[in-house]
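Colleague: Below are the sequence and a predicted model for it; my questions follow.
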Amino acid sequence: MVRGTDGDYYYTILYVQPESPASEAGLKRGDHICMANGIKLSSSNYAGYIQTPTTAYTYKVARKGESTTPDTLEIPMPQPRIIEEPSVYLTRNFTTSNGKKVFYIMYNSFETSEESDLKSKFAEGLASSPNDIVLDLRYNPGGYVSTAQLLSTILAPSNAMGQNCFNLIFNDKLNKVENYAFDPALLQGVSNASYEHLYILTTSNTASASELVINCLRPYLGDKLLQVGENTFGKNVAQSLFTNASYSKLEFWLTTAYISNSENYYDYYTDGLKSDYTVSEDVSGYLGELGTEQDALMAAVLHHIKNGSFPAVETPETQSAVSRNFGMNQTPRVIFNSIAHKPKYSKITKY
């Protein structure tokens, strides 16, 4: 939810789930919803119209067209319903203009129940022997530690198999450290990846289990791992599940351990894991299609793949006309980000 400099509010769509009411209606990433049934969105009504609707509305939407001035559309919505959100949102295999093969995967949650799908998507993506891999974790707030271990093992170099992946450092009351390795036994149905560079896309919403993967791969990959986007959230701890038989529906996920890499580094609580190249999405302006050169984060990656270096940082004076039109040419303010409000976990399945 964004408040423009003229005081009006609009809701920016970051991505659309397949087979959802939004997809059926034709809404797209980068669309800006500014009205519902002829009523302007505001800080007090947007939740009912967008986040938790109980009936179908007609949205007034601003969408990038052929010119720099956005098109205005009236989009009637189907009746709202709840859908499942898959952890793997999108994969793409493509070849750049300089002949480099690239595998792109957007991964939005570390779920043990969907590990077979994660392995299947990697098996398909790696079948073409890509030169580079792009792991998009920009909207991933975390999940299960065991699934993070699986993903880390897929992406770790072959000479790291059997070596330390991460450590769980429990408090002084428990006084123990648990060590976890890159485990080749986890790779049933998928091979260990080989590549020139691993680009990991991050924002301040990249947290917990996502940060575990980046932090534990860094000692083994060095400059082959390039973090592009923003610094991560900075959650360097894991949670364990506590239950009570008398209250079977009540669960407590309590923080019980720090998560360190093989070099015992876990001091990123304050500033997050810092990006190697900083670039941000312009949620007040135009958001290009994910995994393409129209997407600001991916554009930086493709520039590096083609040229061996990242592009010069854009200054406010070089901001595009499209961004100025969508963004009211000043500094719009994000007042609510649904991704930022997702729970951020590194869940331990055994305790």
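Modeller: Right, received. Where do you want to start? Numbers count the residues shown, from 1 in each chain.

Colleague: can you list the domains in this structure?
Modeller: 2-81, 88-309+342-348 (automatic domain parsing).

Colleague: Export those as CSV, with columns for mean pLDDT and mean neighbour count.
Modeller: Glycine gets a C-beta too; all of them are placed from N, C-alpha and C. Listed next are the domains of the chain as CSV, based on pLDDT from 0 to 100; neighbours: other Cβ atoms under 10 Å:
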stretch, mean pLDDT, mean neighbour count
domain 2-81, 93, 15
domain 88-309+342-348, 96, 18
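
Colleague: how about these in JSON lines, adding distance to Arg333?
Modeller: Listed next are the domains of the chain as JSON lines, based on distance: least, Cβ to Cβ, whole Å:
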{"stretch": "domain 2-81", "distance to Arg333": "5"}
{"stretch": "domain 88-309+342-348", "distance to Arg333": "8"}
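
Colleague: wait, which of those domains is closest to Phe336?
Modeller: Phe336 lies closest, by Cβ to Cβ, to one member of the domains of the chain: domain 2-81, at 7.4 Å.

Colleague: quick one: Asn164 and Val177, what's the gap?
Modeller: 11 Å (Cβ to Cβ, to the nearest Å).

Colleague: Need the residues touching each of those two.
Modeller: Between them, Asn164 and Val177 share no contacting residue under Cβ atoms under 8 Å, 6 or more residues apart in numbering.

Colleague: And the helices in the stretch 101-250 of the chain?
Modeller: Using DSSP state H, counting those that start in this stretch, the helices found in the stretch 101-250 of the chain span residues 115-126, 145-155, 209-221.

Colleague: ok, now which ones touch the closest residue to Asn231 other than its chain neighbours?
Modeller: Closest residue to Asn231 apart from its sequence neighbours, by Cβ to Cβ, 6 or more residues apart in numbering: Gly272 at 3.9 Å. With contact set as Cβ under 8 Å, 6+ apart, Gly272 has these partners: 204, 211, 231-234.

Colleague: do the same with Tyr277
Modeller: For Tyr277, counting by Cβ under 8 Å, 6+ apart, the contacting residues are 226-228, 300, 304, 310.

Colleague: what sits opposite it in the beta ladder?
Modeller: As for beta bridges, Tyr277 partners with Val228 under DSSP bridges.

Colleague: one step back: ok, the contacts of Tyr277 vs Leu241, which is closest?
Modeller: Gln227 (30.1 Å).

Colleague: ok, now which ones touch the closest one?
Modeller: 199-200, 202, 214, 273-277.

Colleague: Swap in 10 Å and give it another go.
Modeller: 137, 198-202, 206, 214, 218, 273-278 (Cβ atoms under 10 Å, 6 or more residues apart in numbering).

Colleague: Hmm, Asp31 is touching Gly65, no?
Modeller: No. With contact defined as Cβ atoms under 10 Å, Asp31 does not reach Gly65; the gap is 11.7 Å.

Colleague: what is in contact with these two at once?
Modeller: Common neighbours of Asp31 and Gly65, using Cβ under 10 Å, 6+ apart, are Leu73.

Colleague: And the contacts of Gln227, which is closest to Ser44?
Modeller: Of all the contacts of Gln227, Ser44 sits closest to Thr206, with 30.1 Å by Cβ to Cβ.

Colleague: Surely that closest one is in contact with Gly229?
Modeller: Yes. The criterion here is Cβ under 10 Å, and Thr206 meets it with Gly229 at 7.7 Å.

Colleague: list residues touching both of these two?
Modeller: Joint contacts of Thr206 and Gly229 (Cβ under 10 Å, 6+ apart) are 136-138, 200, 275.

Colleague: List the ones among those residues that fall in strands.
Modeller: Using DSSP state E, 136, 200 are the members of the shared contacts of Thr206 and Gly229 that sit in strands.

Colleague: Throw the shared contacts of Thr206 and Gly229 into TSV and include distance to Leu73, thanks.
Modeller: Output for the shared contacts of Thr206 and Gly229, formatted as TSV (distance: Cβ to Cβ, whole Å):
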residue	distance to Leu73
Asp136	27
Leu137	31
Arg138	26
Ile200	35
Ser275	35
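
Colleague: Considering the shared contacts of Thr206 and Gly229, which is situated nearest to Arg92?
Modeller: Of the shared contacts of Thr206 and Gly229, the one sitting nearest to Arg92 (Cβ to Cβ) turns out to be Asp136, at 10.1 Å.

Colleague: do you know how far that closest one is from Asn37?
Modeller: On the measure of Cβ to Cβ, Asp136 and Asn37 end up 35 Å apart.

Colleague: can you tell me which strand in the protein is longest?
Modeller: Per DSSP E, the chain has its longest strand at strand 247-260.

Colleague: quick one: that one to helix 209-221, angle?
Modeller: 30 degrees (axes from the mean of the first three to the mean of the last three Cα atoms, to 10 degrees).

Colleague: gap between strand 247-260 and the chain center?
Modeller: On the basis of Cα atoms, centre = their mean, to the nearest Å, strand 247-260 sits 23 Å off its chain's mean C-alpha point.

Colleague: What strands line up against that strand, and which way round?
Modeller: strand 164-170 (antiparallel), strand 237-244 (antiparallel).

Colleague: Ramachandran coordinates for the spatially most distant residue from the centre of the chain?
Modeller: Distance from the centre of the chain peaks at Ser246, with 37.3 Å (Cα atoms, centre = their mean). Backbone torsions of Ser246, given as degrees, to the nearest 10, read phi -80, psi -20.

Colleague: do the same with Ala36
Modeller: phi -130, psi 120.

Colleague: Is it in contact with Gln51, as I believe?
Modeller: No. Under the criterion of Cβ under 10 Å, Ala36 makes no contact with Gln51, lying 11.7 Å away.
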